[in-house]
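Peer 1: no FASTA, just this:
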């Protein structure tokens, strides 16, 4: 069974993943190098800072940096080209017969995000639900 999904949902989801996180100066570095490598690595980073490196003095400048970085990432990933090339594509979802997992039903499913490219997922549907309760839709 195919269910149409808006292309904007696909692009909106992708942009959520592209939203940058703030890194505070007091955070621990993600990698540590032995003493003989530290100077070399530091010189690499300081010799030619990236054009989109965040250099703002206060967090208020993050909006401008985020916009420029996001635009560059969209360009590098080719998302504008994909958007025009895939404008006629309608993503679709296929659901298999549910499997009884006790308190819920599990549907094996997949979404066709691009022509011929399917991403698998599980749709979990509780058997009983109290009024007002919320449950996750998919994993």
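Peer 2: Great, that's in hand. All values derive from a computational prediction rather than experimental measurement.

Peer 1: Which stretches in this structure count as helices?
Peer 2: 7-18, 35-47, 62-77, 79-85 (DSSP state H).

Peer 1: Give me the distance from the second one to the chain's centre.
Peer 2: What separates the centre of helix 35-47 from the centre of its chain is 31 Å, taken as Cα atoms, centre = their mean, to the nearest Å.

Peer 1: Give me the domain ranges for the chain.
Peer 2: Using automatic domain parsing, the domain ranges for the chain come out as 12-85, 91-139.

Peer 1: Of these, flag the one that's most buried.
Peer 2: domain 91-139 (a mean of 12; mean count of other Cβ atoms under 10 Å). Every C-beta, even on glycine, is put in place using the N, C-alpha and C of the backbone.

Peer 1: Pretty sure residue 126 sits against residue 101.
Peer 2: No: Residue 126 is not in contact with residue 101 according to Cβ atoms under 8 Å; the separation is 10.1 Å.

Peer 1: Run through the chain and note the low-pLDDT ranges.
Peer 2: 1-31, 33-34, 49, 136-139 (pLDDT under 70).

Peer 1: how far away is the residue lying farthest from the centre of it from residue 42?
Peer 2: Most distant from the centre of the chain: residue 36, at 36.4 Å, with distances by Cα atoms, centre = their mean. Distance from residue 36 to residue 42, counting by Cβ to Cβ, to the nearest Å: 12 Å.

Peer 1: re the thing from before, can I get the helices of the chain in a markdown table with distance to residue 113?
Peer 2: Formatted as a markdown table, these follow (distance: least, Cβ to Cβ, whole Å):
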| stretch | distance to residue 113 |
| --- | --- |
| helix 7-18 | 6 |
| helix 35-47 | 36 |
| helix 62-77 | 14 |
| helix 79-85 | 10 |
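
Peer 1: To residue 93, which of those lies closest?
Peer 2: For the helices of the chain, proximity to residue 93 was assessed by Cβ to Cβ; helix 7-18 is nearest, at 11.0 Å.

Peer 1: give me the beta-bridge partners of residue 114?
Peer 2: residue 117 (DSSP bridges).

Peer 1: Verify the contact between it and residue 89 for me.
Peer 2: Yes: contact between residue 114 and residue 89 holds when scored by Cβ under 8 Å: they sit 6.7 Å apart.

Peer 1: All set now, cheers.
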